[in-house]
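> coordinates for the following, if possible.
(one chain, ligands or ions: 2)
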Amino acid sequence: MKLLILGDLVGRSGREAAVKALPRLREDLGADFVAVNAENASHGFGLAPDMAEALFAAGADAITLGNHAWDRKEIIPYIAREKRLLRPLNFPPGSPGAGAGVFSTRDGRKVLLAQVMGRLFMEPMDDPFRAVEELLARHRLGNGLHAALIDFHGEATSEKMAFAHAFDGRVSAVVGTHTHVPTADHQIFPGGTGYVTDLGMCGDYDSVIGMTKEPAILRFTRKMPGDRLAPAEGAATLCGALIETNEAGLAIGIAPVRVGGRLAGAMPAVG
Ligand SMILES: [Fe+2]
Ligand SMILES: [Fe+2]
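Numbering: from 1, shown residues only. Ligands and ions are numbered 1, 2, ... in the order given. Next up, the predicted model:
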């Protein structure tokens with residue numbers, strides 16, 4: 001099975017590039033399941049329901065969020081009824097929406113997608129390790145589950161790697177989001193779990209992690225309130241990964257996908 005996941009869409013640049021590219025990308029890569037992180041899609045902060053609808057219409061099977069999940073308040077009633085939209089699993093009990101879901105591919109195979117959030121250099125959060133232990137006690141690869149993908153939304157590379165190793169052999173892949181910078185450490189761990197520390201954002205890389213440069217620089221050079229951060233609106237580079245799994249649901253390939261904009265391109269060879 002082939003799983004495509006795109007990192008944080010930032011603002012109009014990332015959002016519109018993803019909506020435009022997804023149908024073709026899905027086809028060209030032969031993706032059976034497509035997930036998109038869209039926590040920054042709405043002007044850099046949160047996700048509006050109409051934007052989620054546009055992503056679903058373009059071919060996203062599921063959307064994940066992150067620490068910006070609730071920045072657009074309209075998403076709260078929407079996530080309560082839209083099961084394809086996920087927020088971090090380790091949000092406190094009683095938070096709206098769900099942190100994991102089982103999705104059917106077009107040919108009827110089942111994919112578990114979950115998102116968890118890290119705790120290093122992030123807001124306080126329940127334990128992501130324990131949250132996923134509990135989830136996997138209910139959803140085991142095999143037993144009618146063909147793939148399991150985890151979006152680890154976090155700042156610290158160490159926490160992401162430790163988490164992924166802790167679940168090596170029990171999920172198809174763990175991919176990082178949140179830093180908005182793609183890493184080059186795509187690999188398959190000894191137990192068969194695919195991994196990359198961060199997918200990178202889908203947005204304009206002539207920016208400070210997707211935001212216009214000047215106000216972002218001022219935040220570091222002056223301890224004064226400045227202009228509100230706004231997304232950079234140049235051409236986006238779409239960043240993500242394609243994971244290929246075997247019969248057991250474990251990874252046999254993980255490769256970067258980078259299309260458009262300023263970053264050097266990368267496209268998996270599709271057999
Ligand atoms: Fe983000
Ligand atoms: Fe984030």
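> where does the most centrally placed residue in the chain land on pLDDT?
In the chain, the centroid-proximal residue (C-alpha atoms, centre = their mean) is residue 37; its distance is 3.7 Å. If you check residue 37, the pLDDT there is 99.
> who are the neighbours in contact with it?
5-9, 63-66, 115, 151, 153, 177, 199 (C-beta atoms under 8 Å, 6 or more residues apart in numbering). The C-beta positions use only the backbone N, C-alpha and C, and glycine is treated the same way.
> 6 Å instead, please
7, 8, 64, 177 (C-beta atoms under 6 Å, 6 or more residues apart in numbering).
> among these, which one lies nearest to residue 220?
Comparing the contacts of residue 37 against residue 220 with C-beta to C-beta places residue 8 closest, at 21.1 Å.
> just checking, the closest one touches residue 201?
Yes - Residue 8 lies in contact with residue 201 (C-beta atoms under 6 Å); the separation is 4.5 Å.
> name the residues contacting each of those two.
Contacts common to residue 8 and residue 201, judged by C-beta under 6 Å, 6+ apart, are residue 180.
> quick one, longest helix in the chain?
helix 11-29 (DSSP state H).
> that one: how far from the chain's middle?
Centre-to-centre, helix 11-29 and its host chain are 14 Å apart (C-alpha atoms, centre = their mean, to the nearest Å).
> buried residues in that helix?
11-19, 21-22, 25-26, 29 (16 or more other C-beta atoms under 10 Å).
> repeat for stretch 188-207
The neighbour-count check on stretch 188-207 (16+ other C-beta under 10 Å) flags 188-189, 192-205, 207 as buried.
> how distant is that stretch from the center of its chain?
The answer for stretch 188-207 is 9 Å, by C-alpha atoms, centre = their mean.
> first-to-last residue distance for that stretch?
End-to-end distance for stretch 188-207: 31 Å, by C-alpha to C-alpha, to the nearest Å.
> residues from this structure in reach of ligand 2?
Contacts of the chain with ligand 2, taken as C-beta under 5 Å from the ion, map to 66, 67, 178.
> skipping adjacent residues, who's closest to the last one in space?
Okay, so that is residue 178. Once flanking residues are discounted, residue 178 sits nearest to residue 153: 4.6 Å by C-beta to C-beta, 6 or more residues apart in numbering.
> mind pulling up the pLDDT for the residue in the stretch 101-250 of the chain that ligand 1 sits nearest to?
Ligand 1 sits closest to residue 178 of the stretch 101-250 of the chain, with a gap of 5.1 Å, by C-beta to the ion. Residue 178 is assigned 98 on the pLDDT scale.
> same thing with the one 10 residues further on?
For residue 188, the model assigns a pLDDT of 98.
> run a quick neighbour tally on the residue lying closest to it once chain neighbours are set aside.
Leaving aside its chain neighbours, residue 188 sits nearest to residue 251 (4.9 Å; criterion: C-beta to C-beta, 6+ apart). With neighbours defined by other C-beta atoms under 10 Å, the count for residue 251 comes to 26.
> residue 251 pairs with what?
When assigned by DSSP bridges, residue 251 has beta-bridge partners residue 245.
> how close does it get to residue 68?
28 Å (C-beta to C-beta, to the nearest Å).
> so which elements touch whatever helix or strand residue 254 lives in?
Assigned by DSSP states H and E, residue 254 falls within strand 251-259. Secondary structure elements in contact with strand 251-259, counted by 3 or more C-beta pairs under 6 Å, 6 or more residues apart in numbering; DSSP states H and E, are strand 238-245.
> if we go to 10 Å?
strand 2-6, helix 11-29, strand 173-177, strand 187-188, strand 194-196, strand 238-245 (3 or more C-beta pairs under 10 Å, 6 or more residues apart in numbering; DSSP states H and E).
> now do it against helix 11-29, angle only.
If you take axes from the mean of the first three to the mean of the last three C-alpha atoms, to 10 degrees, strand 251-259 sits at 130 degrees to helix 11-29.
> and strand 251-259, how far from the chain's centre?
That offset, for strand 251-259, works out to 14 Å (C-alpha atoms, centre = their mean).
> how many residues are close by the closest residue to ligand 2 within the stretch 1-150 of the chain?
Distance from ligand 2 to each residue of the stretch 1-150 of the chain (C-beta to the ion) is smallest for residue 66, at 3.8 Å. Using other C-beta under 10 Å, residue 66 has 23 other residues around it.
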